[in-house]
Structures are given as C-alpha cells and as structure tokens.
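Visitor: how would this look folded up:
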Amino acid sequence: MRIAPSYSVADRREAKRVSRERDVARLRDGSVQVVELNARNGFFSVLDRSKAQIVARRARVNIERD
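Guide: I've put the predicted structure just below:
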C-alpha cells in the first residue's frame, strides 16, 4: 500500500521564514537587487506566460415567459 505524502503547515511556515531571512541577508550584502527578488518570488514568476490563455465563457440564461 502506498502512503500519500502529507503537508505540514508548520514545516511550510518554517521554510518560508528561512527563505525570507535569506532574502533579507542577500539584500543587505548587495548580492541581489529588489527587482530580482520580486521577479523570483512573485506569484506569477513560476508560470510560463507563453502558454497562458484568457478564456471567456458565456453563461446561458433561459427565461421562461408565460
């Protein structure tokens, strides 16, 4: 039987804290610029924009008349 991997909120919180501290240290010593960190840490930075699509769906509404 295969056991599904578990997700630990505490572990994720700790990993993010360590990452933030590392980023602050790198900013202080000048090894990275704010713009570079924003590009790397931004929400959309992991998405492949070349494959992005905007999809609009129309809702159908049936109105019954007496």
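Visitor: From here on, just use CA atoms for contacts and neighbour counts.
Guide: Fine.
Visitor: which residues of the chain score low on pLDDT?
Guide: Across the chain, the ranges flagged by pLDDT under 70 are 1, 45-46, 66.
Visitor: Contacts for the longest helix out of those in it, please.
Guide: In the chain, assigned by DSSP state H, the helix with the most residues is helix 9-29. Helix 9-29 has contacts (CA atoms under 8 Å, 6 or more residues apart in numbering) with Val32, Gln33, Val34, Leu37.
Visitor: and if we set it to 7 Å?
Guide: For helix 9-29, the surrounding residues in contact (CA atoms under 7 Å, 6 or more residues apart in numbering) are Val32, Gln33.
Visitor: Report the buried residues of it.
Guide: Asp23 (16 or more other CA atoms under 10 Å).
Visitor: And it, how far out from the chain middle?
Guide: Counting by CA atoms, centre = their mean, to the nearest Å, helix 9-29 is centred 16 Å from the centre of its parent chain.
Visitor: Name the next helix or strand downstream of it, please.
Guide: Counting by DSSP states H and E, the next helix or strand C-terminal to helix 9-29 is helix 34-41.
Visitor: Restrict that next one to CA atoms and write it as CSV.
Guide: Only the C-alpha atoms of helix 34-41 are listed here, as CSV (Å, rounded to 0.1, in the frame of the first residue of the first chain):
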residue,chain,number,x,y,z
VAL,A,34,15.0,44.1,-5.0
VAL,A,35,13.8,43.8,-8.6
GLU,A,36,15.5,40.4,-9.0
LEU,A,37,13.9,39.2,-5.8
ASN,A,38,10.5,40.4,-6.9
ALA,A,39,10.8,38.6,-10.2
ARG,A,40,11.9,35.4,-8.5
ASN,A,41,9.4,35.5,-5.6
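Visitor: Could you measure from Asp48 over to Asn41?
Guide: 15 Å (CA to CA, to the nearest Å).
Visitor: go on, Arg65?
Guide: 54 Å.
Visitor: With neighbour numbers in mind, choose between these two.
Guide: For the pair Arg65 and Asn41, the greater number of neighbours falls to Asn41 (13 against 4), based on other CA atoms under 10 Å.
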